[in-house]
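# Quick one: sequence plus predicted model below, questions after.
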Amino acid sequence: MLLQQLLNGIVVGGVYALFAVGFNLVFGVQRLLNLAHGAVFMTGAFVAYYTVVNGGPLILGFLLAILASGALSMLIEIVCFRRLRKSGDAEFGAIISSMGASLVIMTIWQWISKTQVLRFPFDTMPVVIYRFWGLRVSLLQLVMMGCAILIVLVMGYFIYRTPFGRRVRAVTDNERASMLMGINPNRIYNLTYFISGALAGAAGVLVGLAFNNINFTMGEPYLLYGFVIIILGGLGSIPGALLASLIFGMLQTLTIAYLPSGLTTAFIFSVLFVILLVMPNGLMGREGAGSLGRRR
Amino acid sequence: MLEVSDLQVRYSGIQALRGVSLNVGAGEVVALIGPNGAGKSTLVNAVSGLVKPAAGRILMEGRDLAAMDPWAVSKSGVIQVPEGRQVFPQLNVLENLQLGETALQGRPPAGGLEDVYDLFPVLKERSAQLAGSLSGGQQQMLAIGRALMGAPRFLLLDEPSLGLAPVVIAQVFAALRKLKSRGMTILLIEQNVRLALDLADRAYILDQGKIVLSGTSQELAADASVVAHYLGVMSE
């Protein structure tokens, strides 16, 4: 039973990782919180849903969701953040403008979905259960885990082993110096926001499939979880977001399984509180990583 | 090669440069000296495209750099080694150097990695170390090496001696002398006037946003007012 819960926790944590790694990636690069990240996540689920109900295969829906969410995230940066960043005082402005973007996107999907809770047609994802060592794993869970592992590995390779990733890290470290080296930071921003959005979109499709519940507010709790995870993992740290996602996913499934339901959230936030008391920068964060002033 | 004419820069009402004109010929090392706040860094940042001038022109072989973005300026071969080194602390030494190649974009590399390691052997020893963990002198060498990876045709050096111990300054300037002997065109910003005049062919003295004096290094070193104003203060 415990082992089963841990397994479920890893699956849930993997989906959180898709959401939070992208959230933290753009925070690391621009020191800005994209509060529309939950709306981007939701967009992924909607795009996949409408592809499937219009006769497309799920895999096509998944791909379109990734592309649409990536493009939307890129657009959010251009519209909401780029000009603000030029003003030099974007920290709070970005919170407001991305909150606005989030509301706009939510309203659009609310209007399109006519405020209905949407469900994928039965059998969109075949219900197959595998059993081994007394554990039950569904095909969907395997796909979720597989996607999370694959995407995180590809991301890690991309960021730490390719010239493009090197440029992303350089812009993260020092935007001004990177411009002097011939890097156009706007291109880096376009791509990091695209990746961030694509990851969130993938998470949205997986969550939509797992709970078979797609609605225009589905991004909100994930935005809150995303916050908790990036603070727990360390602001701007990709490995930190990964680790914190797994911990958070496991904590959540374990508390749901073993504690009275009213205590789940209280327990999770108490653990977060204690960890932050001991490690104020999060599990893998650097001191001062959250401040904009670091760069000057 | 580089021709700056009547350059004016304002920062929110404050005039940092009040009509500066200077030129640097191919293969020349020219120093720009002057007290703190004279506008020296403003001038190199205007050349690099980081600061947009209110008036005046910055012509590099006929192209106006003032109209270009900073990354385009460095891709054209005008590369700055910024004040305070500004290496990428979370990248290792090798990655910092590889990053310098971004500025190449189609232009052939100069000496590449081997040449930089030859100039600064310590960088080779530390190639896997994070740049943030290097000493100030090593970071300065890395910042220069990083710029060289982009095969600069024109090198802007902003205060390469700042905050370094005398023995390290000697090492850095020995490397700069080597670059000069290879015919590298350099605009050097330096507060240490003796060092600057020692390396440069010519120099301009900038004070309160204006060029107050210019000439060959020998002329300036022999000028009584320069000695009194700048060398006197700077003598150790």
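Noted; the coordinates are in hand.
# chain center to the longest helix anywhere in chain A, what's the gap?
Assignment by DSSP state H gives helix A:2-30 as the longest helix of chain A. On the basis of C-alpha atoms, centre = their mean, to the nearest Å, helix A:2-30 is displaced by 7 Å from the centre of the chain it belongs to.
# And that helix, what's buried?
By 16 or more other C-beta atoms under 10 Å in any protein chain shown, the buried positions in helix A:2-30 come out as A:5, A:7-30. In short, each C-beta sits where N, CA and C put it, glycine included.
# How about stretch B:180-199?
Quick answer for stretch B:180-199 (16+ other C-beta under 10 Å): B:180, B:184-193, B:195-197, B:199.
# okay, the closest residue to A:Asn190 other than its chain neighbours: pLDDT?
Spatial nearest neighbour of A:Asn190, chain neighbours left out: A:Met74 (5.3 Å); criterion: C-beta to C-beta, 6 or more residues apart in numbering or on different chains. If you check A:Met74, the pLDDT there is 97.
# Make sure A:Met74 is actually in contact with A:Ile195.
No - with contact defined as C-beta atoms under 8 Å, A:Met74 does not count as touching A:Ile195 (9.5 Å).
# Tell me which stretches of chain B form helices.
Counting by DSSP H, the helices of chain B are B:40-47, B:70-75, B:93-100, B:112-119, B:121-125, B:136-148, B:166-181, B:193-199, B:217-222, B:224-226, B:232-234.
# And those: which comes nearest chain A?
helix B:70-75 (4.0 Å; C-beta to the nearest C-beta).
# Verify the contact between A:Asn34 and A:Ser97 for me.
No - in this structure, A:Asn34 is not within contact of A:Ser97 by C-beta under 8 Å, at 9.9 Å.
# Overlap in contacts, those two.
A:Phe81 (C-beta atoms under 8 Å, 6 or more residues apart in numbering or on different chains).
# So if I had to pick from those two, which one is more boxed in?
Between A:Asn34 and A:Ser97, counted using other C-beta atoms under 10 Å in any protein chain shown, the more crowded position is A:Asn34 (31 against 21).
# Point out where the chain drops to low pLDDT.
If you meant another chain, say so; for now it's chain A. Along chain A, segments meeting pLDDT under 70 span A:287-296.
# actually chain B
B:231-236.
# For chain A, give me its nearest residue in it.
For chain B, C-beta to the nearest C-beta, closest residue to chain A: B:Ala103, 3.4 Å.
# can you list the residues of chain B near chain A?
B:48, B:50, B:69-71, B:74-75, B:79-80, B:82, B:86-91, B:95, B:98-100, B:102-105, B:146, B:150 (C-beta under 8 Å from any C-beta of the partner chain).
# How about the contacts made by residue 64?
Since no chain was named, I'll use chain A. Counted by C-beta under 8 Å, 6+ apart, A:Leu64 has contacts A:47-48, A:51, A:56.
# think we crossed wires, I meant chain B
Residues near B:Asp64 by C-beta under 8 Å, 6+ apart: B:57-58.
# Roughly how far does B:Ser217 sit from B:Phe88?
Distance of B:Ser217 to B:Phe88, given as C-beta to C-beta, to the nearest Å: 34 Å.
# In terms of neighbours, single out the busier of those two.
Neighbour count, other C-beta under 10 Å: between B:Ser217 and B:Phe88, B:Phe88 has more, with 25 against 18.
# In this structure the more buried one contacts B:Leu97, no?
No - judged on C-beta under 8 Å, B:Phe88 makes no contact with B:Leu97 at a distance of 10.5 Å.
# Looks to me like A:Ser102 is in a helix.
Yes - applying DSSP: H, G, I helix; E, B strand; the rest coil, one finds A:Ser102 inside a helix.
# burial measure for it, as a count.
Residues near A:Ser102, counting by other C-beta under 10 Å: 23.
# thinking again about what came up before, A:Met74 and A:Ile195: which has the busier surroundings?
Neighbour count, other C-beta under 10 Å: between A:Met74 and A:Ile195, A:Ile195 has more, with 24 against 21.
# Can you read off the backbone torsions of B:Gly25?
phi -90, psi 160 (degrees, to the nearest 10).
# Which secondary structure element is home to the residue in the stretch 101-250 of chain A positioned nearest to chain B?
Distance from chain B to each residue of the stretch 101-250 of chain A (C-beta to the nearest C-beta) is smallest for A:Gly182, at 3.4 Å. Using DSSP states H and E, A:Gly182 falls within no helix or strand.
# neighbours of the nearest residue to it once chain neighbours are set aside, just the number please.
Once flanking residues are discounted, A:Gly182 sits nearest to B:Ala103: 3.4 Å by C-beta to C-beta, 6+ apart. Using other C-beta under 10 Å, B:Ala103 is surrounded by 25 other residues.
# how near is B:Ala103 to B:Gln80?
According to C-beta to C-beta, B:Ala103 and B:Gln80 sit 10 Å apart.
# Kindly point out which residues are neighbours of both of the two.
Common neighbours of B:Ala103 and B:Gln80 (C-beta under 8 Å, 6+ apart) are B:Ser74.
# Which residues of chain A lie near chain B?
Counting by C-beta under 8 Å from any C-beta, chain A sits next to chain B at A:163, A:166-167, A:169-170, A:172-174, A:176-184.
# and with 6 Å instead?
Residues of chain A lying close to chain B (C-beta under 6 Å from any C-beta of the partner chain) are A:166, A:169-170, A:173-174, A:177, A:179-184.
# and the residues you listed, which of them are in helices?
Per DSSP H, the residues of chain A next to chain B map to helices at A:166, A:169-170, A:173, A:177, A:179-180.
# Please tabulate the residues you listed in CSV, including the columns neighbour count.
Output for those, formatted as CSV (neighbours: other C-beta atoms under 10 Å in any protein chain shown):
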residue, neighbour count
A:Arg166, 20
A:Arg169, 20
A:Ala170, 26
A:Asp173, 23
A:Ala177, 24
A:Met179, 23
A:Leu180, 29
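# Nearest to A:Ala200 among the residues you listed?
A:Arg169 (21.1 Å; C-beta to C-beta).
# one step back: so which of the ones in helices among the residues of chain A next to chain B is the closest to A:Ile149?
A:Arg169 (22.4 Å).
# thinking again about what came up before, check the contact between the residue nearest to A:Gly182 and B:Ala151; I expect there is one.
No - contact criterion C-beta atoms under 6 Å: B:Ala103 and B:Ala151 do not qualify, at 7.6 Å.
# and the residue nearest the centre of chain B, what does it touch?
The centroid of chain B falls nearest to B:Leu157 when counting by C-alpha atoms, centre = their mean (1.2 Å). Counting by C-beta atoms under 6 Å, 6 or more residues apart in numbering or on different chains, B:Leu157 touches B:81, B:188.
# Apply 10 Å and report the result again.
B:29, B:31-32, B:44, B:79-83, B:140, B:143-144, B:147, B:172, B:176, B:179, B:186-190, B:199 (C-beta atoms under 10 Å, 6 or more residues apart in numbering or on different chains).
# need the helices for chain A, in chain order.
A:2-30, A:37-53, A:58-76, A:82-87, A:90-112, A:139-161, A:163-173, A:175-180, A:185-211, A:219-233, A:238-258, A:264-278.
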